[in-house]
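A.B. asks: Fold the following, please.
(one chain, ligands or ions: 1)
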Amino acid sequence: MSDHLLLIDTTDGVRTLRINRPDKLNALNAATIDALDAAFADAATDDAVRVVVLTGAGPKAFVAGADIAEMNALSPVQGRDFSLRGTRMMRRVEKLNKPVIAMINGFALGGGLELAMCCHLRVAADTAKVGQPEINLGLIPGFGGSQRLLRLCGRAATLELCLTGAPVTAERALQLGIVNRVVAAAELEAETMKLAAQLANAAPLALRGMLDCVNIGGECGIEEGLEYESAQFGLMFATEDMREGTSAFLEKRKPAFTGK
Ligand code: COA
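C.D. replies: Numbering: from 1, shown residues only. Predicted coordinates:
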C-alpha cells in the first residue's frame, strides 16, 4: 500500500511511513499533510499494525518544513486553515492508540520538527539538524511547535530555537531533551527498527494505556492525573495480556502478548 507522496510498508507489526518528496526535502504541502492524515487514520484501526515508524525519503531530510512555495501565496484565512490542517493531522499522530517513532534521518526543521515532536519517541541520526527556523521567513511555528517544544524542553530552549531560528545538532537536541536517542547515521534504520520490534512485541493495550496517561492524564492537574492513572491501571486487569505477563514472570518464561 503506497501513494506517491508516502511509501508505506508493514513488516512484523511495524508500519513504516516514508514521506516521499526528496527533491523538496520532504516539505509538507497540503497533499502530503492529507496523505499522512489518512495513513495514520488507517494505522489506528489496522490490527496488523502495532507500531508506526515515520521517516523521510532520501539521504538529506526527515522533513525540511511546511512547503514554503505553497505558503507564499496564502491569504490570512488560508494561512489559518493551512495551520489547522497540519495541526489536526499532527494531533492525530500524537493521540494515536499505538506508539509512533520518528526516525530523524536528516533535517527536521519547522513543520518537520513539529511532526517529529508529535511522535512518541524520536531517534535521530548524528548528522541530523533540528530547529524552528520560521522566524527567518517572518513567520512563527504553525503546527504546534511553540506549545510542544515548550512542554518538551522548557522556555529557555524554546525561545532560543524559535527566536533565533538557528538549527541545532542532534547531539544538542539530545541534551535539550528534544530527541530520545542519537545514533550513527549508518545505524539509524537498524537501531530504530530494533526499538520498533521491542514495542511491537509489548502488550498493545498497556502501551495504549500508557500513551493515554501521558496525553490525557499529563494535561490535567496532579490529582486528576493520578486518578486517571489509577483508572487505567485498573483497566489493565481486564486484559488477557496482563494475566499473561504476570503469569509468564512467575513461570520464568517469555510472555506472548496478543492484544486482548
Ligand atoms: N518548502 C518548500 N521547498 C523546500 C523547503 C520547504 N520548507 N525546504 C527545501 N525546499 C526545496 C528547495 O526550495 C529546493 O528546491 P529546488 O531544487 O526546486 O530549488 C530543494 O528543496 C532542495 O533544497 P535546498 O535549499 O537547495 O537544499 P540545501 O541543502 O541547500 O539547504 C536547507 C537545505 C534545509 C538548509 C534549506 O532547504 C532550507 O533552509 N529549507 C527551509 C527550511 C525552513 O525554513 N523550514 C521552515 C518552513 S516553515
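A.B. asks: any idea which residue of this protein is furthest from its center?
C.D. replies: Relative to the C-alpha centroid of the chain, counting by C-alpha atoms, centre = their mean, E251 is the outermost residue, at 35.9 Å.
A.B. asks: May I have the phi/psi pair for that one?
C.D. replies: phi -90, psi 10 (degrees, to the nearest 10).
A.B. asks: any idea how this structure splits into domains?
C.D. replies: The chain resolves into domains spanning 2-200, 204-250 when parsed by automatic domain parsing.
A.B. asks: Kindly present those domains as a markdown table, with separate columns for mean pLDDT, mean neighbour count and distance to the ligand.
C.D. replies: (Each C-beta comes from the backbone N, C-alpha and C, glycine too.) As requested, the domains of the chain are arranged in a markdown table below (pLDDT from 0 to 100; neighbours: other C-beta atoms under 10 Å; distance: least, C-beta to the nearest ligand atom, whole Å):
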| stretch | mean pLDDT | mean neighbour count | distance to the ligand |
| --- | --- | --- | --- |
| domain 2-200 | 97 | 19 | 3 |
| domain 204-250 | 97 | 15 | 25 |
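A.B. asks: With distance to A256 as new columns, can these be given to me in CSV?
C.D. replies: As requested, the domains of the chain are exported to CSV (distance: least, C-beta to C-beta, whole Å):
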stretch, distance to A256
domain 2-200, 13
domain 204-250, 7
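A.B. asks: contacting residues for C153?
C.D. replies: C153 sits next to L176, G177, I178 when contact means C-beta atoms under 8 Å, 6 or more residues apart in numbering.
A.B. asks: and it, what element?
C.D. replies: Per DSSP states H and E, C153 falls inside helix 145-164.
A.B. asks: Can you name the next helix or strand after that helix?
C.D. replies: Downstream of helix 145-164, the next assigned helix or strand under DSSP H and E is strand 168-169.
A.B. asks: hmm, who's touching that next one?
C.D. replies: Applying C-beta under 8 Å, 6+ apart, the contact partners of strand 168-169 are A128, K129, V130, G131, L161, L176, I178.
A.B. asks: Stretch 204-218 too?
C.D. replies: 50, 94-99, 120, 199, 224-226, 228-229, 232-233, 235-236, 239, 241-242, 245, 257, 259-260.
A.B. asks: Looking at the residues you listed, which are in helices?
C.D. replies: 94, 199, 224-226, 228-229, 232-233, 235-236, 241-242, 245 (DSSP state H).
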